[in-house]
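Visitor: Provided below are the primary sequence and the corresponding predicted coordinates.
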Amino acid sequence: LHAPQNDLPRLTADLLERLRTRAPRVHCITNAVAQAFTANMLLAVGAVPSMTVAPEEIAAFTASADALLVNLGTFDVERREAAEMAVEVATEEGHPWVLDPVFIDRSEKRAAFARVLAVCNPAVMRLNRTEFAALADTAADSDALKRYALDSLTVIGLTGEVDLITDGARLTTVENGHLLMGRVTAMGCAGSALVAAFLSVENDALVATAAALLALGVAGEMAAARSAGPGSFAVAILDAIHNLDPTTLIERARVR
Amino acid sequence: LHAPQNDLPRLTADLLERLRTRAPRVHCITNAVAQAFTANMLLAVGAVPSMTVAPEEIAAFTASADALLVNLGTFDVERREAAEMAVEVATEEGHPWVLDPVFIDRSEKRAAFARVLAVCNPAVMRLNRTEFAALADTAADSDALKRYALDSLTVIGLTGEVDLITDGARLTTVENGHLLMGRVTAMGCAGSALVAAFLSVENDALVATAAALLALGVAGEMAAARSAGPGSFAVAILDAIHNLDPTTLIERARVR
Amino acid sequence: LHAPQNDLPRLTADLLERLRTRAPRVHCITNAVAQAFTANMLLAVGAVPSMTVAPEEIAAFTASADALLVNLGTFDVERREAAEMAVEVATEEGHPWVLDPVFIDRSEKRAAFARVLAVCNPAVMRLNRTEFAALADTAADSDALKRYALDSLTVIGLTGEVDLITDGARLTTVENGHLLMGRVTAMGCAGSALVAAFLSVENDALVATAAALLALGVAGEMAAARSAGPGSFAVAILDAIHNLDPTTLIERARVR
């Protein structure tokens, strides 16, 4: 097992380059609030988003995509069915998929559904501290994260002031980011979509997740320096992820 | 009955401070067009938005929120059922709720549903002149607004070039704002969400409504001074509401 | 048959003026990702958007609108039924409507539905090269576009690096635009909405389509000059379409 943290900034720069060259397709089953910002984040990084949740189309879109995001925000019957069908197709096709269990601490039914999906082999689960606690029924310390990752054969990407990424064996932390990221709706959702995009160009899910969160964190810092508040920040972070260059990544990265 | 207009700018500054400190939860049943901008407006002012309309989740989300918004834009069966369940839960829990009867002048069925909700004790109804006329079947002059507010035991927040806020006994006017507010989709919807946020930190619904509309109007003026058109205006008003300070509020307020 | 290309910039300026004066209503059945940006584009150009897809309201909204957009993105049963009802009402009322068959190359079921709608007399179909190929089962060269337009009695607005607009007899090309237009979600969708808006103030569908695409292309160039990436570009293009003036249009237009 290789510890990627020393190489992570350089790897992230390489993956950004691959995304811009290959333009992978990412199909997103995501909440209505997040759809436009998520699509714009994917376009800014070089990927091609699609967003349908219609049951008669979801299989075709998922099969022709390179990666899948399942986000549980604004969940309803249609999205639940779409998620189940899409996960089945992604699994058959061998495409990686990401689970983002938004707000499961606010709804027991949503948490129960997240637990069902969590055992369907997502490559990565991206969530925050409260959501992890609701999912795993334990506080989100490093040991609990590692244990959960090992048990469920997934990579956990826990975002917060410091991001923790683990596959059970390795643990990477990313300290980049900015407080304004918490003041823009769908920032976490868009981060999960970035993880899906990076998974489509990098097989090591730990590396892909850490790289996506590092890129977003550094972009957030660049954006904050050009913003007057959360409105201009949401705009500037799209510009920043689009323009992110190796030098900036390597200079600013705070990873361990 | 106390006339709040002299104190309103100072009260508004205090309420903004409370919002930033307490971070109240506002659950929004709102139209698909408005969801992201509304969520960003709430985050900018310091509140925590949620947006699900799924019938199996709406009760849990509404019960754990501090205030509720019901907006009738892009209305469908799911949103109608969600609205009915959410209003019932909010009433049981004693949480204030705001009704925004968007575009009821364009659809008689929507107007009929608005009339059903209007007698379910919303703390506030935020609407424009045409929507009031469609709801109350009378022109939106001060006397009609007062009478309607008295009859329905609600506060009316009528927005336009001059905002009129009345509980039937008191009448406050807010003259702040900018024409570009009419050139951004969901600005009225986001204003209604702000009213819900202010209601979660202020029991006097007249004061909460006038304060929310004053804050939005002053933010609109600040934003217009930094904008080149409706695109940059929509961004700048989020920055402005996030940064709004007591001095600016007090200097710019035009309330009676 | 009159070739409009020499007059197009001047005509476009006149139509922009008409839009700002008349504020026509455009009802949009469009995908969830595109709704907010589309509404903001219409507001920026002076039109009044509405977006409901609820079956019990769609007839009233369509009947009281001046033009209709049917966009097949994020298609589901509700939107399909809404589209069928809206097209019927628009046809009865003699209102022009625009078909935007988003992503039909990714879903055979969606392509089949697009073919059904294509014979219901849309005034214009706005699509890209891949979508045209999926619809017409032939490569998108000028002859194929003309033949398709003649056969289906519609105007084809094919967007790409160069936009091709034809009614079967006349062919206009618009070379304005910017690469960043492809990095913002719903830019094509918003372009189709602009076509619908222009149709509400200009009976010649070829002229209306070419004028809308010219206005958007020039606005895109103005926006690119003020942008640092796709985030600020999406904001600046709304400002630019709002502020577009005859001199700029005439100086920058590259039409044949």
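Guide: Thanks, I have the structure now.

Visitor: does chain B sit close to whichever helix or strand A:Gly188 is part of?
Guide: When elements are assigned from DSSP states H and E, A:Gly188 belongs to helix A:187-199. No. Helix A:187-199 stays clear of chain B (CB under 8 Å from any CB of the partner chain), getting no nearer than 9.5 Å. Where you see a C-beta, it was placed from the backbone N, CA and C, and this is true even at glycine.

Visitor: what mean pLDDT does the very next helix or strand once past that helix have?
Guide: Later in the chain than helix A:187-199, the nearest helix or strand by DSSP H and E is helix A:205-224. For helix A:205-224, mean pLDDT is 98.

Visitor: packing partners of helix A:205-224?
Guide: helix A:8-22, strand A:124-128, strand A:155-159, strand A:163-166, strand A:171-174, helix A:187-199, helix A:230-243, helix A:246-252 (3 or more CB pairs under 8 Å, 6 or more residues apart in numbering or on different chains; DSSP states H and E).

Visitor: thinking again about what came up before, tilt between the helix holding A:Gly188 and helix A:230-243?
Guide: Put simply, helix A:187-199 runs at 10 degrees to helix A:230-243, going by axes from the mean of the first three to the mean of the last three CA atoms, to 10 degrees.

Visitor: can you show me the CA trace of helix A:187-199 as CSV?
Guide: C-alpha atoms of helix A:187-199 as CSV (Å, rounded to 0.1, in the frame of the first residue of the first chain):
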residue,chain,number,x,y,z
MET,A,187,-20.8,23.1,-2.4
GLY,A,188,-20.6,19.6,-0.8
CYS,A,189,-22.7,18.1,-3.6
ALA,A,190,-20.5,19.7,-6.2
GLY,A,191,-17.5,18.3,-4.4
SER,A,192,-19.0,14.8,-4.6
ALA,A,193,-19.5,15.3,-8.3
LEU,A,194,-15.8,16.3,-8.6
VAL,A,195,-14.9,13.0,-6.8
ALA,A,196,-16.9,11.1,-9.4
ALA,A,197,-15.2,13.0,-12.2
PHE,A,198,-11.7,12.2,-10.8
LEU,A,199,-12.7,8.5,-10.4
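
Visitor: now that helix, how far from the centre of its chain.
Guide: Helix A:187-199 sits 3 Å away from the centroid of its parent chain (CA atoms, centre = their mean, to the nearest Å).

Visitor: near chain C, anything from it?
Guide: No. Judged by CB under 8 Å from any CB, helix A:187-199 and chain C are separated, with a smallest distance of 11.6 Å.

Visitor: around chain B, pick out the residues from the stretch 101-250 of chain A.
Guide: A:103, A:106-110, A:182-186, A:227-232, A:234-235.

Visitor: list only buried entries from the residues you listed.
Guide: A:103, A:106-107, A:110, A:182-186, A:227-232, A:234-235 (16 or more other CB atoms under 10 Å in any protein chain shown).

Visitor: any stretches of the stretch 101-250 of chain A with poor pLDDT?
Guide: For the stretch 101-250 of chain A, not a single residue meets the criterion pLDDT under 70.

Visitor: swap the cut-off to 90 and go again
Guide: In the predicted model, the stretch 101-250 of chain A carries pLDDT under 90 at residues A:103-110.

Visitor: show me which residues of it sit near chain C.
Guide: A:Arg226, A:Ala234, A:Val235, A:Ala236, A:Ile237, A:Leu238, A:Asp239, A:Ala240, A:His242, A:Asn243.

Visitor: which non-adjacent residue is nearest the last one?
Guide: For A:Asn243, ignoring the flanking residues on the chain, the nearest one in space by CB to CB, 6 or more residues apart in numbering or on different chains is C:Gly229 at 5.4 Å.

Visitor: contacting residues around that neighbour?
Guide: Residues near C:Gly229 by CB atoms under 8 Å, 6 or more residues apart in numbering or on different chains: A:Ala44, A:Leu238, A:Asp239, A:Ala240, A:His242, A:Asn243, C:Leu180.

Visitor: how about the last one: what's its closest non-neighbour residue?
Guide: Counting by CB to CB, 6+ apart, C:Phe233 is the residue found nearest to C:Leu180 once chain neighbours are left out, at 4.4 Å.

Visitor: contacts only, for the one you found.
Guide: C:His178, C:Leu180, C:Met181, C:Arg183, C:Val184, C:Gly220, C:Ala223, C:Ala224, C:Ser227.

Visitor: ok, so of those residues, who is nearest A:Val124?
Guide: C:Arg183 (25.0 Å; CB to CB).

Visitor: quick one, phi psi at the closest one?
Guide: phi -110, psi 10 (degrees, to the nearest 10).

Visitor: and A:Val255, by the same measure?
Guide: In terms of degrees, to the nearest 10, the main-chain angles of A:Val255 are phi -120, psi 150.

Visitor: these two touch, right, it and A:Ile165?
Guide: No. The criterion here is CB atoms under 8 Å, and A:Val255 misses it with A:Ile165 at 9.5 Å.

Visitor: who has more neighbours, these two?
Guide: Taking other CB atoms under 10 Å in any protein chain shown, A:Val255 and A:Ile165 do not tie; A:Ile165 has more neighbours (33 against 22).

Visitor: may I have the beta-bridge partners of the more buried one?
Guide: Beta-bridge partners for A:Ile165, by DSSP bridges, are A:Gly157, A:Thr172.

Visitor: re earlier: quick check: neighbours shared by A:Val255 and A:Ile165?
Guide: With CB under 8 Å, 6+ apart as the test, A:Val255 and A:Ile165 both reach A:Thr172, A:Thr173, A:Val174, A:Ala210.

Visitor: so what's the third one up against?
Guide: Pointing back at A:Val174 there. When contacts are counted by CB under 8 Å, 6+ apart, A:Val174 touches A:Val162, A:Asp163, A:Ile165, A:Ala210, A:Leu213, A:Leu214, A:Gly217, A:Ala253, A:Arg254, A:Val255.

Visitor: against A:Thr38, how distant is the residue nearest to the second one when sequence neighbours are not counted?
Guide: Beyond its immediate neighbours in the sequence, the residue positioned closest to A:Asp163 (CB to CB, 6+ apart) is A:Val174, lying 4.2 Å away. Using CB to CB, to the nearest Å, we find A:Val174 at a distance of 20 Å from A:Thr38.

Visitor: before we move on, back to that, any of the contacts of C:Gly229 buried? List them.
Guide: A:Ala44, A:Leu238, A:Asp239, A:Ala240, A:His242, C:Leu180.

Visitor: name the nearest residue to the second one, ignoring sequence neighbours.
Guide: Leaving aside its chain neighbours, A:Leu238 sits nearest to C:Gly231 (2.9 Å; criterion: CB to CB, 6+ apart).
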